[in-house]
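> how does the following fold in three dimensions:
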Amino acid sequence: MLRKLLAMDMSQLVGVPIIAGLVVHASIAAIATQGGVVAYALLNRHLPIR
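As a prediction, this is how the structure comes out:
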């Protein structure tokens with residue numbers, strides 16, 4: 001019983017930072033994508049690309 005609890009704790013301790021890192025990376029990627037789209041739209045508006 002105790003060993004099972006310890007194994008669960010270890011997997012959670014390892015899993016939480018990994019999930020947190022994935023969430024952070026996903027949010028950064030989403031923000032970067034939105035920023036890139038906005039910048040591209042603004043550039044297209046100001047500089048007509050032929």
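> what residue lies at the spatial centre of this protein?
Nearest to the mean C-alpha position of the chain, by CA atoms, centre = their mean, lies A26 at 1.7 Å.
> okay, that residue: pLDDT?
Confidence at A26, expressed as pLDDT, is 95.
> who are the contact partners of it?
With CB atoms under 8 Å, 6 or more residues apart in numbering as the criterion, no residue contacts A26. C-betas here are computed from N, CA, C, even on glycine.
> for it, give its distance to A39.
20 Å (CB to CB, to the nearest Å).
> shaky segments in this protein?
Within the chain, the stretches with pLDDT under 70 are 1, 48-50.
> now do the helices in it.
With helices called from DSSP state H, the chain shows them at 2-46.
> I'd like to know how many residues surround D9.
Neighbour count of D9, defined by other CB atoms under 10 Å: 10.
> quick one: it from I19, how far?
Counting by CB to CB, the gap from D9 to I19 is 15 Å.
> any idea how far V23 is from P17?
Taking CB to CB, one finds V23 at 11 Å from P17.
> do T33 as well
24 Å.
> ok, now K4?
Counting by CB to CB, the gap from K4 to P17 is 22 Å.
> equivalent analysis for H46, please.
42 Å.
> what do you get for D9?
14 Å.
> give me the neighbour count for V16.
Neighbourhood size, V16 [other CB under 10 Å]: 10.
> over to A32?
10.
> likewise for R45?
8.
> go on, H46?
Neighbours around H46, by other CB under 10 Å: 7.
> check Q34 too.
So Q34, with other CB under 10 Å, has 10 neighbours.
> tell me how far it lies from V23.
For Q34 relative to V23 (CB to CB), the value is 17 Å.
> can you check L2 too?
31 Å.
> those two - which one has more neighbours?
A side-by-side neighbour count of L2 and V23, using other CB under 10 Å, places V23 first with 10 against 6.
> for L47, see how far away the more buried one is.
Distance from V23 to L47, by CB to CB: 36 Å.
> and if you look at V16?
V16 is 46 Å from L47, by CB to CB.
> likewise L22?
The value you get for L22 to L47, if CB to CB is used, is 36 Å.
> what's the answer for A30, then?
For A30, the distance to L47 - CB to CB - is 26 Å.
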